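A.B. asks: pasting the sequence and the predicted model now:
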Amino acid sequence: MRKLKDSNGAAIWQSSIASGTPNLLFGYPVVLAEDMPALAAGASSIAFGDFSTYGIAQREGTRLIRDPYTVKGSTLFHVTRRVSGGLLSPDGIAVLEFAV
């Protein structure tokens, strides 16, 4: 990505020169996410777009299950909550999938 240039010959990746400012790709800040898969064939390792179009929804209520049987002499509590996320606009983010 750092070697690619646009039609005017300018690099599309601009490294940050000041402390505390992010690197830029097409003028947008770059965030490196450790949770993305490694570069490999068929892997979607790069995502680019407006991530404000991603929404997180949370259902009301928490589910609590008491388990006095699993560990003798102790009581375990299992707590769950339903949370999901998804794109509010599918045009907001593009994912690059790598070929062989």
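C.D. replies: In hand now; what should we look at?

A.B. asks: going forward, measure contacts and count neighbours with C-alpha atoms only.
C.D. replies: Will do.

A.B. asks: just to check, residue 63 is in contact with residue 82?
C.D. replies: No: Residue 63 is beyond contact range of residue 82, at 9.0 Å (criterion: CA atoms under 8 Å).

A.B. asks: domain ranges for the protein, per the record?
C.D. replies: 1-32, 46-97 (automatic domain parsing).

A.B. asks: so which of the ones you listed is nearest residue 39?
C.D. replies: Among those, domain 46-97 comes nearest to residue 39, with 8.8 Å by CA to CA.

A.B. asks: what pLDDT does residue 100 get?
C.D. replies: Note on residue 100: pLDDT of 63.

A.B. asks: try residue 1
C.D. replies: At residue 1, pLDDT is 67.

A.B. asks: got it, and residue 75?
C.D. replies: Reported pLDDT for residue 75: 90.

A.B. asks: quick check: closest non-adjacent residue to it.
C.D. replies: Leaving aside its chain neighbours, residue 75 sits nearest to residue 68 (4.3 Å; criterion: CA to CA, 6 or more residues apart in numbering).

A.B. asks: could you dump the domains of the chain to JSON lines with distance to residue 39 and mean neighbour count?
C.D. replies: JSON lines is the format used below for the domains of the chain (distance: least, CA to CA, whole Å; neighbours: other CA atoms under 10 Å):
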{"stretch": "domain 1-32", "distance to residue 39": "13", "mean neighbour count": "12"}
{"stretch": "domain 46-97", "distance to residue 39": "9", "mean neighbour count": "11"}
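
A.B. asks: chain center to stretch 92-100, what's the gap?
C.D. replies: In this view, stretch 92-100 has its centroid 13 Å away from the chain centroid, taken as CA atoms, centre = their mean, to the nearest Å.

A.B. asks: tabulate the CA atom coordinates of that stretch in CSV.
C.D. replies: Output of stretch 92-100 as CSV, limited to C-alpha atoms (Å, rounded to 0.1, in the frame of the first residue of the first chain):
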residue,chain,number,x,y,z
GLY,A,92,-20.1,2.7,3.7
ILE,A,93,-17.3,0.1,3.8
ALA,A,94,-15.4,-1.9,1.2
VAL,A,95,-13.4,-5.0,2.1
LEU,A,96,-10.4,-6.2,0.0
GLU,A,97,-10.2,-10.0,-0.5
PHE,A,98,-6.8,-11.4,-1.5
ALA,A,99,-6.4,-13.9,-4.3
VAL,A,100,-3.8,-16.6,-4.6
